[in-house]
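>>> Sequence and predicted model, in that order:
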Amino acid sequence: MSILDNLQLIETRIAAACEQAGRKRGDVKLVAVSKTKPADSVIEAAEAGQILFGENKVQEAQSKIPLCPGHLHWHLIGHLQSNKARIAASGIFRMIHSVDSEKLLLALDEYAGVPLPVLIQVNVSGEGSKEGCSPDQAAALIEVANRCSKVEVHGLMTIPPFTPDPEKARVHFSNLRKLRDRLQQETGTPLPELSMGMSNDFEVAIEEGATYIRVGSDIFGGRS
Ligand SMILES: *Cc1c(COP(=O)(O)O)cnc(C)c1O
């Protein structure tokens with residue numbers, strides 16, 4: 001299967017999940033996760049019409065993006081250390097999905113030259129990855145972001161613990177949505193975006209309200 005074939009299949013799956021959930025197709029955006037893959041793969045996906053791409057490492061993105069067409073949009077989806085905040089905020093990324101500390105928010109705000117949309121990464125399950133703030137910390141981070149001049153919080157992101165059964169991820173996706181609803185009430189901050197769902201479980205994430213799904217291996221093939 002070519003990258004074009006894969007993208008067409010993903011599109012069919014997204015449309016079916018939206019239909020199932022009674023949602024509009026336009027409300028779900030596909031982030032094509034090109035981490036570890038060469039610029040040639042990105043170019044192939046771009047030729048198939050894909051515009052939005054996700055990378056998980058600042059340095060890899062920094063070397064790959066100049067080799068790719070200039071009209072593409074890039075999001076940083078992976079863990080970010082404050083010492084990389086300057087590059088991450090330099091304009092190469094249109095959104096950062098993985099902000100999980102006050103230190104990082106303030107560093108991004110210091111270096112961003114133009115408004116920088118971010119998502120707060122929350123570890124809703126409390127298991128697995130150490131990345132992401134706890135649900136209890138999210139409100140405080142949103143308040144910090146609201147006092148920033150460049151950083152703008154647009155919503156929440158999560159990576160549930162890996163499970164081969166996508167239904168097991170459902171509770172985590174629905175918990176992220178419920179947390180978002182509560183934080184909107186508590187902080188008065190609009191949080192329209194929910195970044196959740198990967199190759200294995202994005203249909204379930206769409207049913208639970210995802211607005212960004214992050215899909216890598218089902219588009220570009222497995223990673224070694
Ligand atoms: C790698 C990665 C993805 C994509 O995972 P696949 O299972 O290959 O679709 C999504 N989100 C994040 C944060 C990632 O690091």
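Here it is on my side, so go on. Residues are numbered from 1 along each chain as shown.
>>> helices or strands next to the helix or strand that contains R180 in the packing?
Assigned by DSSP states H and E, R180 falls within helix 170-187. Packing partners of helix 170-187 (3 or more C-beta pairs under 8 Å, 6 or more residues apart in numbering; DSSP states H and E): helix 138-146, strand 151-157, strand 193-195, helix 202-207. Where you see a C-beta, it was placed from the backbone N, CA and C, and this is true even at glycine.
>>> Export those as JSON lines, with columns for mean neighbour count and distance to the ligand.
Below are the helices and strands packed on helix 170-187 laid out as JSON lines (neighbours: other C-beta atoms under 10 Å; distance: least, C-beta to the nearest ligand atom, whole Å):
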{"stretch": "helix 138-146", "mean neighbour count": "18", "distance to the ligand": "18"}
{"stretch": "strand 151-157", "mean neighbour count": "23", "distance to the ligand": "8"}
{"stretch": "strand 193-195", "mean neighbour count": "24", "distance to the ligand": "8"}
{"stretch": "helix 202-207", "mean neighbour count": "24", "distance to the ligand": "8"}
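>>> can you put those in a markdown table and add distance to I14?
Shown next, in a markdown table, are the helices and strands packed on helix 170-187 (distance: least, C-beta to C-beta, whole Å):
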| stretch | distance to I14 |
| --- | --- |
| helix 138-146 | 27 |
| strand 151-157 | 18 |
| strand 193-195 | 15 |
| helix 202-207 | 7 |
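>>> Same list (these) but as CSV, adding mean pLDDT.
As requested, the helices and strands packed on helix 170-187 are arranged in CSV below (pLDDT from 0 to 100):
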stretch, mean pLDDT
helix 138-146, 98
strand 151-157, 98
strand 193-195, 99
helix 202-207, 98
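>>> D165: which of those is closest?
D165 lies closest to helix 202-207 among these, at 9.8 Å (C-beta to C-beta).
>>> Now do the helices for the protein: every range, in order, please.
With DSSP state H, the ranges of helices along the chain come out as 3-21, 39-47, 58-64, 85-87, 102-111, 138-146, 170-187, 202-207, 217-220.
>>> right, so the ones you listed: which one is the most enclosed?
Neighbour counts (mean count of other C-beta atoms under 10 Å) averaged over each of the helices of the chain peak at helix 202-207, with a mean of 24.
>>> F53 and the ligand, how far apart?
Counting by C-beta to the nearest ligand atom, to the nearest Å, the gap from F53 to the ligand is 11 Å.
>>> Count the residues that sit near that residue.
Burial of F53 is recorded as 26 neighbouring residues (other C-beta atoms under 10 Å).
>>> what's the pLDDT at the closest residue in space to E60 that isn't next to it in sequence?
Nearest residue to E60, sequence neighbours excluded (C-beta to C-beta, 6 or more residues apart in numbering): K35, at 6.7 Å. At K35, the model reports a pLDDT of 98.
>>> List the residues that contact K35.
Applying C-beta atoms under 8 Å, 6 or more residues apart in numbering, one finds that K35 lies in contact with G54, E55, N56, K57, E60, G78, G216, R223.
>>> tally of neighbours for I213?
25.
>>> Can you pull the residues of the protein lying near the ligand?
Selection of the chain residues close to the ligand by C-beta under 6 Å from any ligand atom yields 33, 35, 56, 77-78, 159, 198-200, 214-218.
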